[in-house]
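Colleague: this one's structure only:
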């Protein structure tokens, strides 16, 4: 029995969905990429075994960051680099969640509100880190945006992995965190709420939220948000820092659902598995009509060019290497970054080689190119 795929769902239900809904250019492009991924539409290679007469065809992947079949190599490389950056200090997993009452605005202006989310989460953590009564130095943060819940609903939150301490530039010296939760959750929540609401009001005043036209709605919504308790989660990773990092890496280059979570696709819709965290992570199944599944999935397509993963403070790309070297010196550790086996898994420039499924011991090598289907039709 062939396992169902997201591409199969799109082929079956997207035509009907298009008749009732308008796709944004970015959503249309993502859907087109997923459907054509690893098919003759993109072309590929003819592979032949060096040990027997077996030949097969392998088609190119679309390399779209929303495709559940793509970017495994990019994910592995990202994870290897982040593991090499890990410091010998406690780490904290901090999650900032936007209230669901903002979901309507998010669908109208995702690029603006996602940007404000990153900015104000970092401003909040940086302010707490610089506070002389807390750490009195510069924090580092790696943040990964998730926009979904396990059932594909809109649940926008930012996962942050924060080293447990701050770099005091005057020393320089390392100021270690002393608590199991980094900073008080209630204080973080209130600071983040105030900063985010102020940023949303400024964005609307500046015309950045131009699709929201009723100023009374804006005033009412922002007032309600200030009365709501915003959810912030923080916990030390203990000995599980690499597991948390691997969890974050899983969705740095992919969309909200993988093919392996799909159970069945039939004319009535799609059945898939999910974890119900309201019931302690119980494994459950959910059946959605095909159009509803597509609607939920396309909600999580990011705006063109928007970066889902960002680094801040001493982990910012422009200064990470130098600052990590300084911190390691402060910690009396070698300034050289550790080398892991993961760093050497991929050798740039290697030609694709795969084990032959026929003779089981030969390797498959590319012996010819297959042009994309569109080019073949044009030439024909």
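Modeller: Received the coordinates, thanks. This one's a predicted model, so the numbers in the text were calculated from it and none came from an experiment.

Colleague: pLDDT-wise, which helix or strand of this structure ranks last?
Modeller: Lowest on mean pLDDT, DSSP states H and E among the helices and strands of the chain sits helix 373-379, with a mean of 57.

Colleague: Which neighbouring elements make contact with the helix or strand hosting residue 321?
Modeller: Counting by DSSP states H and E, the element that carries residue 321 is helix 320-330. Applying 3 or more C-beta pairs under 8 Å, 6 or more residues apart in numbering; DSSP states H and E, we find helix 320-330 packed against strand 165-168, strand 173-176. (Glycine included, C-beta is placed from N, CA and C.)

Colleague: after that helix comes which helix or strand?
Modeller: Assignment by DSSP H and E places the next element after helix 320-330 at strand 354-355.

Colleague: Minimum distance to residue 298: which of the helices and strands packed on helix 320-330 has it?
Modeller: With C-beta to C-beta as the criterion, residue 298 lies closest to strand 165-168 of the helices and strands packed on helix 320-330, at 40.4 Å.

Colleague: Quick check: mean pLDDT of the closest one?
Modeller: The pLDDT scores in strand 165-168 average 94.

Colleague: element containing the closest residue to residue 37 other than its chain neighbours?
Modeller: Spatial nearest neighbour of residue 37, chain neighbours left out: residue 62 (4.0 Å); criterion: C-beta to C-beta, 6 or more residues apart in numbering. Assigned by DSSP H and E, residue 62 belongs to no helix or strand.

Colleague: ok, residue 62 to residue 70 distance?
Modeller: In this view, residue 62 and residue 70 are 6 Å apart by C-beta to C-beta, to the nearest Å.

Colleague: Show me which of those two is the more surrounded one.
Modeller: Ranked by neighbour count (other C-beta atoms under 10 Å), residue 62 and residue 70 place residue 62 first, with 24 against 21.

Colleague: In contact with that one, which residues?
Modeller: Applying C-beta atoms under 8 Å, 6 or more residues apart in numbering to residue 62 gives the contacts 33-34, 36-38, 42, 69-70.

Colleague: So which of these are in helices?
Modeller: The subset of the contacts of residue 62 located in helices under the criterion DSSP state H comprises 33-34, 36.

Colleague: Include neighbour count, pLDDT and distance to residue 288 when you put those into a markdown table, please.
Modeller: Formatted as a markdown table, the ones in helices among the contacts of residue 62 follow (neighbours: other C-beta atoms under 10 Å; pLDDT from 0 to 100; distance: C-beta to C-beta, whole Å):
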| residue | neighbour count | pLDDT | distance to residue 288 |
| --- | --- | --- | --- |
| 33 | 20 | 96 | 22 |
| 34 | 24 | 95 | 17 |
| 36 | 21 | 95 | 24 |
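
Colleague: shaky segments in the chain?
Modeller: Along the chain, segments meeting pLDDT under 70 span 1-2, 333-353, 374-380.

Colleague: Show me the strands in it, by range?
Modeller: Here the chain has its strands, by DSSP state E, at 44-49, 55-59, 91-97, 140-148, 154-163, 165-168, 173-176, 232-236, 262-266, 269-276, 282-288, 309-313, 354-355, 363-370.

Colleague: which other residues reach the first one?
Modeller: Taking C-beta under 8 Å, 6+ apart as the criterion, the residues outside strand 44-49 that touch it are 54-60, 352, 354, 356, 358-359, 362-370.

Colleague: Apply 10 Å and report the result again.
Modeller: By C-beta atoms under 10 Å, 6 or more residues apart in numbering, the residues outside strand 44-49 that reach it are 38, 54-61, 351-359, 361-372.

Colleague: what angle do that strand and strand 363-370 make?
Modeller: 150 degrees (axes from the mean of the first three to the mean of the last three C-alpha atoms, to 10 degrees).

Colleague: I'd say residue 244 and residue 79 touch.
Modeller: No - if you go by C-beta atoms under 10 Å, residue 244 and residue 79 don't touch, sitting 11.4 Å apart.

Colleague: Distance check, the residue nearest the centre of the chain against residue 71.
Modeller: By C-alpha atoms, centre = their mean, the mean C-alpha position of the chain lies nearest to residue 252, the distance being 3.3 Å. Going from residue 252 to residue 71 by C-beta to C-beta gives 8 Å.
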